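Engineer: Structure here, sequence nowhere to be found:
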Ligand SMILES: CC(C)(COP(=O)(O)OP(=O)(O)OC[C@H]1O[C@@H](n2cnc3c(N)ncnc32)[C@H](O)[C@@H]1OP(=O)(O)O)[C@@H](O)C(=O)NCCC(=O)NCCS
């Protein structure tokens, strides 16, 4: 798959490449410490995927599945590459993956103040199913989003 002359691949990232995750996180949303990233790699049912162009990390997603429900615990596109369709390509891949695995729904959380991400998820038919008040450090609320999936 090519977008803007970049050959893209999506690969599972192993714990030995934890630095790739930590570096992208540090330069974007700074959600987790290196120790927290290490914990993600050990979590039951969790897989970490990278959207790559050769050695360049364009995006990272932390994906967790429990029975027939999947959850996205982290989803970020490198700042330099936003608004080029990379996020949409990565999300479409994850949705197709869930459908192939016969998942019934896909869940995620997003800050109410993150208008860009909220609009992005709405385009993929995620709807708000709950609110966690004052969930983030800055006091903003978390919106719990859900997308119902069609099983294949
Ligand atoms: C939300 C996020 C993942 C979107 O990634 P992205 O690569 O910019 O996504 P896309 O390029 O596919 O789409 C983003 C917008 O760019 C637009 N776009 C895509 N290609 C475009 C192009 N060539 N020219 C102009 N606009 C374009 C899309 O229409 C879309 O607009 P909309 O969402 O307003 O409808 C990214 O902004 C991000 O990493 N944000 C920070 C982390 C975050 O908030 N994560 C979610 C909570 S954990």
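Structural biologist: Perfect, I can see it now. Owing to the predicted nature of the structure, the values given are computational and were not obtained by experimental measurement.

Engineer: hmm, the host helix or strand of residue 25 touching the ligand?
Structural biologist: Per DSSP states H and E: residue 25 is located in helix 18-26. No - Helix 18-26 does not reach the ligand (C-beta under 6 Å from any ligand atom); its nearest approach is 9.6 Å. Placement of C-beta: from N, CA and C, glycine included.

Engineer: Name the residues that touch the next helix or strand after that helix?
Structural biologist: Using DSSP H and E, the helix or strand that follows helix 18-26 in sequence is helix 34-42. For helix 34-42, contacts defined as C-beta atoms under 8 Å, 6 or more residues apart in numbering pick out 14, 15, 18, 21, 22, 25, 32, 46, 48, 62, 73, 74.

Engineer: Just the buried ones from those?
Structural biologist: 18, 21, 22, 25, 32, 46, 48, 62, 73, 74 (16 or more other C-beta atoms under 10 Å).

Engineer: correct me, but residue 6 touches residue 53?
Structural biologist: Yes - if you go by C-beta atoms under 8 Å, residue 6 and residue 53 touch, sitting 4.2 Å apart.

Engineer: Contact residues of this protein facing the ligand?
Structural biologist: 28-29, 74-77, 82-88, 110, 114, 116-117, 119-120, 123.
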